[in-house]
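Trainee: 3D, please:
(chains A and B)
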Amino acid sequence: MSDHKTMTLTLIVWRQKNASDPGKFETYTAKNITEHHSFLEMLDCVNEDLIHTGKDPIVFDHDCREGICGMCSQVINGAPHGGQDRTTVCQLHMRKFKDGDTIYIEPWRARAFPIIRDLIVDRSALDKIIQAGGYTSCHTGGVADGNAILIPKPVADEAMDAAECVGCGACVAGCPNGAAMLFTGAKISQLALLPQGQAEASARVRNMSDAMTECGFGNCTNHYECMAACPKGINVKFIARMNREFLKAQFA
Amino acid sequence: MQLLKSSIGRKILMAITGQAMVLFAVIHLLGNSSIFGWLPGGINAYAHHLHSLPAPVIIGFRLGLLVFVCVHVWFGIQLTIENRGGRPQQYAVKTLQKATFASENMIWTGGLLVAFILYHLLHFTFQVVSPETAALSHPDSLGNPNVLGMVVAAFQNMFVTLIYAGAMVVLFLHLSHGIQSFFQTLGWSNDRVQPFITKAGTLVALGLFLGYAAVPLTILLRILK
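Mentor: Next up is the predicted model:
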């Protein structure tokens, strides 16, 4: 520890036993944190202390810890994933904080995301949107030739930009209306851009937009907070594309 | 019908009715500008021309505007109530990265505009606020409604001028978010044109503010008599 300065931080963390518990903030002290700790590793240290003193550890979602899976889901000082550009919580490092900082840690807050425990929310509403049409129907069987359908590179790139969405739900958490337009827009766009997706494009956008409302998501008011929150930098142009697809579908 | 029920459908209706009212605001401003004298006979002649239009045209135009306002207000309130429920519990720390004062307060600026429009209609259309200067009952020397006299008398009052100028600030806020929102909601946007649309929308809103505020302010400062 001699060559690393350590930090002591005050954490104000949302604790909630289950969906019916009202929940409340608890204050913890994180000690001996170095700038090299990731945010989740810092929480691991705090949890270790909590376990040693016989207390319940802070429950949070995480999986790959390399910024690609989208499982980690915390609102840090009011910003989903901590507010660092294109960064998930697991890739947020403590060098972004300084000794003595007070950090608020809250779960994603949206009507469509009920809290399971502490910082874990139920994001299956996003799966329901996908089930409503976020796929292409195809015959299984023989593997199709790789380049049987030619797709221009810029179109493929655009579809890949939309497909970068990992479905973490930060867009919903960041949206003051709890809307899922950026998520749904990205999913609709990645398929609408490609010939394989175009066959079912009309039914898809109609069904997926209905699913958004049925799942309890709010409506878009073009604040663009979703784009700022997205760890994959999904652009709101995909919301515009979804709106375009929706209008087209009304006449299809 | 999905357009009336779905999230995107109702937003599209908001966008179209809103943009139609922006177009009306532009036409209305062009008409107002006749007060500065570019039209022979000024604003009195302009008012006379408008009132000489066939009755079905006038009634149809007014009914159309009323429908646009009602649809915009109805869905505006409905969507706002739904959106307030979209995040039932707020964060302890509020951090906004892209949202603006204008985008956050559309329902309030919209509500103020409705109140202003009602006052404005009673003031200059139905002319019941100050009947002693009403244009319809005080024709000018040519027999046209004396709109100039009515408007000048109204805006020489500091209080009335402040109401109108203040309402135009509110209009600017509402449209600085609303105009670019229209393009995004109809899908007429992407990452290349979006920054331009946002700037152009704000500029149009600013133009409408300056144009509309010019009439009461020049009268209050006795530049226009």
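Trainee: any idea which helix is longest in chain B?
Mentor: In chain B, with assignment by DSSP state H, the single longest helix is helix B:55-86.
Trainee: How about residues contacting whichever helix or strand comes after that one?
Mentor: Next helix or strand after helix B:55-86 toward the C-terminus (DSSP states H and E): helix B:101-104. Helix B:101-104 has contacts (C-beta atoms under 8 Å, 6 or more residues apart in numbering or on different chains) with A:P176, A:T221, A:N222, A:H223, B:L96, B:T109, B:L173, B:H174, B:S176, B:H177. Heads up, the C-betas are built off the backbone N, CA and C, glycines and all.
Trainee: What part of chain B, helix or strand, is modelled with the least confidence?
Mentor: In chain B, no helix or strand scores lower on mean pLDDT, DSSP states H and E than helix B:2-5, which sits at a mean of 90.
Trainee: That helix near chain A anywhere?
Mentor: Yes - judged by C-beta under 8 Å from any C-beta of the partner chain, helix B:2-5 and chain A are in contact via B:Q2, B:L3, B:K5.
Trainee: Can I get that helix in PDB? Just the C-alpha atoms.
Mentor: What follows is helix B:2-5, C-alpha atoms only, in PDB (Å, rounded to 0.1, in the frame of the first residue of the first chain):
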ATOM      1  CA  GLN B   2     -53.000   2.500 -33.100                       C
ATOM      2  CA  LEU B   3     -52.300   6.100 -33.800                       C
ATOM      3  CA  LEU B   4     -54.700   7.200 -31.000                       C
ATOM      4  CA  LYS B   5     -53.600   4.600 -28.400                       C
END
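Trainee: quick one: contacts for the residue nearest the centre of chain B?
Mentor: Of all residues in chain B, the one closest to the mean position by C-alpha atoms, centre = their mean is B:A25, 5.4 Å from it. Applying C-beta under 8 Å, 6+ apart to B:A25 gives the contacts B:L171, B:L208.
Trainee: Now with 7 Å, please.
Mentor: B:L208 (C-beta atoms under 7 Å, 6 or more residues apart in numbering or on different chains).
Trainee: Give me the pLDDT for it.
Mentor: If you check B:A25, the pLDDT there is 98.
Trainee: With A:M1 instead?
Mentor: 47.
Trainee: does residue 12 belong to a helix or a strand, and which?
Mentor: Using chain A here. strand A:7-15.
Trainee: The chain in question should be chain B.
Mentor: Applying DSSP H and E, one finds B:I12 within helix B:7-32.
Trainee: Taking helix B:55-86 as reference, get the angle to that helix.
Mentor: Relative orientation of helix B:7-32 and helix B:55-86, computed by axes from the mean of the first three to the mean of the last three C-alpha atoms, to 10 degrees: 140 degrees.
Trainee: same for the helix or strand following helix B:7-32, what does it pack against?
Mentor: Later in the chain than helix B:7-32, the nearest helix or strand by DSSP H and E is helix B:42-51. Packing partners of helix B:42-51 (3 or more C-beta pairs under 7 Å, 6 or more residues apart in numbering or on different chains; DSSP states H and E): helix B:147-155.
Trainee: which outside residues touch the helix it packs on?
Mentor: Applying C-beta under 7 Å, 6+ apart, the set of residues contacting helix B:147-155 is B:35, B:42-44, B:47, B:123-124, B:130, B:133-135, B:138, B:160-161, B:215-216, B:219-220, B:225.
Trainee: and what of stretch A:51-61?
Mentor: A:13, A:43, A:46-47, A:50, A:71-74, A:117-120.
Trainee: And it, what's buried?
Mentor: Within stretch A:51-61, the residues that count as buried by 16 or more other C-beta atoms under 10 Å in any protein chain shown are A:I58, A:F60, A:D61.
Trainee: Show the model's pLDDT score for the second one.
Mentor: Just to be clear, that refers to A:F60. 98.
Trainee: tell me the SS of it?
Mentor: Look at A:F60: counting by DSSP: H, G, I helix; E, B strand; the rest coil, its state is coil.
Trainee: Same question for B:F182.
Mentor: Classified using three-state DSSP, B:F182 is helix.
Trainee: B:G18 is in contact with that one, correct?
Mentor: Yes - taking C-beta atoms under 7 Å as the definition, B:F182 is a contact partner of B:G18 at 6.1 Å.
Trainee: what number of residues lie near A:Y224?
Mentor: 23 (other C-beta atoms under 10 Å in any protein chain shown).
Trainee: nope, A:C168 is what I meant
Mentor: 26.
Trainee: Would you confirm that it contacts A:G67?
Mentor: No - A:C168 is beyond contact range of A:G67, at 10.4 Å (criterion: C-beta under 7 Å).
Trainee: Between the two, which contacts overlap?
Mentor: A:T88.
Trainee: Could you check how many residues crowd around A:L194?
Mentor: 19.
Trainee: In contact with it, which residues?
Mentor: A:I151, A:A159.
Trainee: now it: how far from chain B?
Mentor: 17 Å (C-beta to the nearest C-beta, to the nearest Å).
Trainee: can you redo the buried residues of stretch A:51-61 as TSV with distance to A:L92?
Mentor: Converted to TSV, these look like this (distance: C-beta to C-beta, whole Å):
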residue	distance to A:L92
A:I58	16
A:F60	13
A:D61	15
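Trainee: packing partners for whatever helix or strand A:D161 lives in?
Mentor: Assigned by DSSP H and E, A:D161 belongs to helix A:153-163. If you count contacts as 3+ C-beta pairs under 7 Å, 6+ apart, helix A:153-163 packs onto helix A:181-192.
Trainee: Which helix or strand lies directly C-terminal to the helix it packs on?
Mentor: Using DSSP H and E, the next helix or strand after helix A:181-192 towards the C-terminus is helix A:195-198.
Trainee: is it true that A:G233 touches A:R86?
Mentor: Yes - with contact defined as C-beta under 7 Å, A:G233 reaches A:R86; the gap is 4.9 Å.
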